[in-house]
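[1] Next one to model:
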Amino acid sequence: MTDTTLYRPNPKIAAVLAIIALAAAVGAVIITLRASSSKPPRTITVSGHAVRTGSPDIAYVTLGIVTRAKTAKEAFSQNTLKSNNLIKALTANGAASKDIKTINYSLGEWVKYDRNYNPIRLGSEVSNSLRVTVRDLKKVSTFIDAATKAGASEVTNVKFSIENEHKLVDDALSAAVSNAKLKAKAMTKTLGACVGQPVSIKEVTNTDSYQYRIAAEKAAVPASSPMQASPQLMPGTIRAEAEAVVTFQIL
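    Next up, the predicted model:
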């Protein structure tokens, strides 16, 4: 005869398990309901634009010395002499040594072409370019005049700028975002809504988050023979233009 033993669960344990199962089911329902009832926040996207201008307080003048000779040694020697004279002339007129920088120095062949465009080597050519930072704009013409008299053969670029230009740009960017917010308020007011926190700030063009352009009126002196009088250069104004696309929440 075989004995059969039946398992009978403890009533207390069974009750606890039932409560846990019920709680899990209710929780799942709540989570499901919340997920289904949630909606993406309402937003509005607007673009802002701002322009700020400022007066230049600094200038960058690029000067060049080109010497040609039958041998590289002669070309180097002549260029060194003229370059040293140029630096002396600049410092004598108030330029600090830290504001004079060599931006290019090269040695190449001195070549001319015949009627059939065949190259004829005449010797060697040495080119030395210096960039001078001028902190007194009234002296820009004076520096150029002194440089040409000291042996500079080229004045390739004159750029007027603002030393702390980033401050002008930051001001324009801040104003562009403020302009975008004003537009958003004007548009949502008609709907009886309010503008909330910004969700994103995106680029308008290119790949930058903010697109701004810096433009200055520049004067360039063509490479030619030494000038008889100091040129009159007009610094103009520096213009910072900023654009931003901002997405705001609608409350």
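[2] Name the residues that touch stretch 74-84?
    Applying Cβ atoms under 8 Å, 6 or more residues apart in numbering, the contact partners of stretch 74-84 are 65-69, 107, 110, 123-128, 130, 150-152. Quick note: C-beta positions are derived from backbone N, CA and C, even for glycine.
[3] Using PDB, write out the CA atom coordinates for it.
    What follows is stretch 74-84, C-alpha atoms only, in PDB (Å, rounded to 0.1, in the frame of the first residue of the first chain):
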ATOM      1  CA  GLU A  74      73.600  88.200 -51.300                       C
ATOM      2  CA  ALA A  75      69.800  88.100 -51.200                       C
ATOM      3  CA  PHE A  76      69.800  87.100 -47.500                       C
ATOM      4  CA  SER A  77      72.400  89.800 -46.600                       C
ATOM      5  CA  GLN A  78      70.400  92.500 -48.300                       C
ATOM      6  CA  ASN A  79      67.100  91.400 -46.700                       C
ATOM      7  CA  THR A  80      68.600  91.200 -43.300                       C
ATOM      8  CA  LEU A  81      70.000  94.800 -43.600                       C
ATOM      9  CA  LYS A  82      66.600  96.200 -44.800                       C
ATOM     10  CA  SER A  83      64.700  94.200 -42.200                       C
ATOM     11  CA  ASN A  84      66.800  95.500 -39.300                       C
END
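[4] Return a ChimeraX selection command for the buried portion of the contacts of stretch 74-84.
    Buried members of these, defined by 16 or more other Cβ atoms under 10 Å, are picked up in ChimeraX with:
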select :65,66,67,68,69,110,124,125,126,127,128,130,150,151,152
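[5] taking the contacts of stretch 74-84 one by one, which sit in strands?
    If you go by DSSP state E, these have 65-69, 107, 110, 123-128, 130 in strands.
[6] Now compare those residues and name the two farthest from each other.
    Longest distance between any two of the ones in strands among the contacts of stretch 74-84 is 23.3 Å, between 123 and 130; criterion Cβ to Cβ.
[7] Check which residues of the helix or strand containing residue 78 are buried.
    In the assignment (DSSP states H and E), residue 78 maps to helix 72-92. For helix 72-92, a neighbour-count test (16+ other Cβ under 10 Å) marks 72, 75-76, 78-79, 82-83, 85-87, 89-90 as buried.
[8] following whichever strand or helix holds residue 173, which helix or strand comes up?
    Assigned by DSSP H and E, residue 173 belongs to helix 165-189. Beyond helix 165-189 on the C-terminal side, the first helix or strand identified by DSSP H and E is strand 195-202.
[9] Point out the other helices and strands that that next one packs with.
    helix 165-189, strand 238-250 (3 or more Cβ pairs under 8 Å, 6 or more residues apart in numbering; DSSP states H and E).
[10] contacting residues around the closest residue to residue 100 other than its chain neighbours?
    Once flanking residues are discounted, residue 100 sits nearest to residue 132: 5.6 Å by Cβ to Cβ, 6 or more residues apart in numbering. By Cβ under 8 Å, 6+ apart, residue 132 lies in contact with 60-63, 90, 95, 99-101, 143, 147.
[11] Columns distance to residue 234 and pLDDT on top of the buried residues of helix 72-92, output as a markdown table?
    Shown next, in a markdown table, are these (distance: Cβ to Cβ, whole Å; pLDDT from 0 to 100):
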| residue | distance to residue 234 | pLDDT |
| --- | --- | --- |
| 72 | 41 | 95 |
| 75 | 37 | 96 |
| 76 | 38 | 95 |
| 78 | 35 | 96 |
| 79 | 32 | 96 |
| 82 | 29 | 95 |
| 83 | 29 | 95 |
| 85 | 29 | 95 |
| 86 | 25 | 95 |
| 87 | 27 | 96 |
| 89 | 24 | 95 |
| 90 | 22 | 95 |
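[12] and the helices and strands packed on strand 195-202 as CSV, adding mean pLDDT and distance to residue 118?
    What follows is the helices and strands packed on strand 195-202, written out as CSV (pLDDT from 0 to 100; distance: least, Cβ to Cβ, whole Å):
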stretch, mean pLDDT, distance to residue 118
helix 165-189, 91, 49
strand 238-250, 90, 48
